[in-house]
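Student: Have a look at this fold, sequence not included:
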């Protein structure tokens, strides 16, 4: 039940007893309690009563200055700065010690004031949103997106790391020596690609671009599958997929046939095929893949849905298929190039906000097919609609299959299955080409040196 002041207004949530408990504990065991406050991101704003805020600022400043912190030193410091009366005087300081016989329950008091502080921040944000709702210049969709983002940030607990520096150094060195280079990124599941990218890293926007029918959706879903199933015994990740082109059922059917290594257009299935489908469904059923197949999404709506995915399912990777099917109502009248630039910027901002990698598919212009290029190789400049995509992206992968342009290749031959992923941009690492196998019958990519069983597939 909320407290009421003398004028009949509701008071913001706070606990005077818990605030006094934290301050009293800090006066008794300054090193332990102030370090605990630092680890739990307690600041002066966490305290509601002005005198308590002032005293916590003084305690923190003295501790950071390597000065002794006790009843006498704090009182003298406040007196010297002329703020002793504002803090309640010596009587108030002595009362804190008397009401807090031990610092053993400091963590309990800290949790209470953090809960009350969070409630006050929620109230403040809600009040600000209400004020904006009455503004004639606000657009409802944009305001809703900003509000969701603000509340998402409130729910994101930020705690400081307290690991020993020496332990961190030795741990990192051990991972490097043991070849564990994917410790900080979501692996693609393709050996040579992971060696160059070292996984897909948090806050990165990864663009996978290709001309139509090159297999970019298949490659993206193979990566999603590997991440969700933890290929080669690795960690399993939760993956969110925004499929703007295909329905959820179509996507699942494609993944089942690909996983089972059965051609999707077969009309007759053997008992072995049925067994493979059953096995594939059992494996995929255990994966944490969340699909949103809403068509024609506005980018602000997509960001709102992505936040919910992150909050509810804790997704580690988001795949968007594909960029040119997104819209931005705010920039629709400025031309497609400006609209695409705004969409690209919003996707990059979403990756930073959610602190996860975003893999977004994109079409290329017709330039690779217009002749004059060796092997019809795509370039960064071929990214369709806007150069902003190249600028915003941390990684750009250009996918091509030489056999698509050379119909004389024998089907099923080594050259016929060749797919090339050109890492054309890599903000934090090397670029270069990676070769994969692409099996058209089962729309599946595999490492170039892996052996594919053609029986049934």
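Tutor: In hand now; what should we look at? In this text the structure is predicted, and so the values were computed from the model without any measurement. Residues are numbered from 1 along each chain as shown.
Student: Can you pull out the residues in contact with stretch 42-60?
Tutor: Residues from elsewhere that reach stretch 42-60, judged by Cβ atoms under 8 Å, 6 or more residues apart in numbering: 12, 14, 16, 19-20, 22-23, 26-27, 30, 34, 37, 69, 74, 77-78, 81, 83, 86-88, 92-93, 110, 113-114, 116-117, 120. For every residue, glycine as well, the C-beta is placed using N, CA and C.
Student: Contact partners for the residue positioned nearest the centre of the chain?
Tutor: In the chain, the C-alpha nearest the mean C-alpha coordinate belongs to residue 356, at 2.2 Å (Cα atoms, centre = their mean). Contact analysis of residue 356 by Cβ under 8 Å, 6+ apart lists 202-203, 310, 315-318.
Student: how about 7 Å then?
Tutor: By Cβ atoms under 7 Å, 6 or more residues apart in numbering, the contact set of residue 356 is 202, 315-318.
Student: of those, closest to residue 445?
Tutor: Using Cβ to Cβ, residue 317 is the member of the contacts of residue 356 that lies nearest residue 445, at 16.9 Å.
Student: how about the strands of this structure, start to end?
Tutor: For the chain, the strands defined by DSSP state E cover 185-186, 200-201, 205-210, 239-243, 289-292, 317-321, 358-363, 395-400, 418-426, 432-439, 444-447.
Student: between the ones you listed, which one is nearest to residue 130?
Tutor: When the strands of the chain are compared by Cβ to Cβ, strand 289-292 sits nearest residue 130, at 29.4 Å.
Student: Show me what that closest one is packed up against.
Tutor: Strand 289-292 is packed against strand 239-243, helix 299-313, with contacts defined by 3 or more Cβ pairs under 7 Å, 6 or more residues apart in numbering; DSSP states H and E.
Student: The same query, at a cut-off of 8 Å, please.
Tutor: With contacts defined as 3 or more Cβ pairs under 8 Å, 6 or more residues apart in numbering; DSSP states H and E, strand 289-292 has these neighbours: helix 216-229, strand 239-243, helix 248-260, helix 299-313.
Student: Mind putting the strands of the chain into CSV with mean neighbour count, mean pLDDT and distance to residue 270?
Tutor: Converted to CSV, the strands of the chain look like this (neighbours: other Cβ atoms under 10 Å; pLDDT from 0 to 100; distance: least, Cβ to Cβ, whole Å):
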stretch, mean neighbour count, mean pLDDT, distance to residue 270
strand 185-186, 22, 84, 36
strand 200-201, 22, 91, 37
strand 205-210, 26, 91, 34
strand 239-243, 25, 92, 30
strand 289-292, 19, 90, 28
strand 317-321, 25, 93, 32
strand 358-363, 25, 92, 34
strand 395-400, 24, 92, 33
strand 418-426, 20, 90, 29
strand 432-439, 18, 90, 19
strand 444-447, 21, 90, 19
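Student: ok, so what distance separates the residue lying closest to residue 446 once chain neighbours are set aside from residue 403?
Tutor: Of all residues not flanking residue 446 in the chain, residue 437 sits nearest, at 4.8 Å (Cβ to Cβ, 6 or more residues apart in numbering). For residue 437, the distance to residue 403 equals 11 Å [Cβ to Cβ, to the nearest Å].
Student: and stretch 420-429, how far from the chain's centre?
Tutor: For stretch 420-429, the distance from its own C-alpha centre to the chain's C-alpha centre is 21 Å (Cα atoms, centre = their mean, to the nearest Å).
Student: picking up where we left off before, overlap in contacts, residue 437 and residue 403.
Tutor: Taking Cβ under 8 Å, 6+ apart as the contact rule, residue 437 and residue 403 both touch 417-418.
Student: Now distance to residue 268 too, for the strands of the chain, in TSV please.
Tutor: Converted to TSV, the strands of the chain look like this (distance: least, Cβ to Cβ, whole Å):
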stretch	distance to residue 268
strand 185-186	38
strand 200-201	39
strand 205-210	32
strand 239-243	29
strand 289-292	29
strand 317-321	31
strand 358-363	33
strand 395-400	32
strand 418-426	29
strand 432-439	20
strand 444-447	21
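Student: Okay, now the unreliable bits of the chain?
Tutor: Within the chain, the segments meeting pLDDT under 70 span 1-8, 155-168, 172, 175-184, 231-233, 368-376, 384-386, 406-414, 450-457.
Student: Quick check: longest helix in it by residues?
Tutor: Longest helix in the chain by number of residues (criterion: DSSP state H): helix 106-133.
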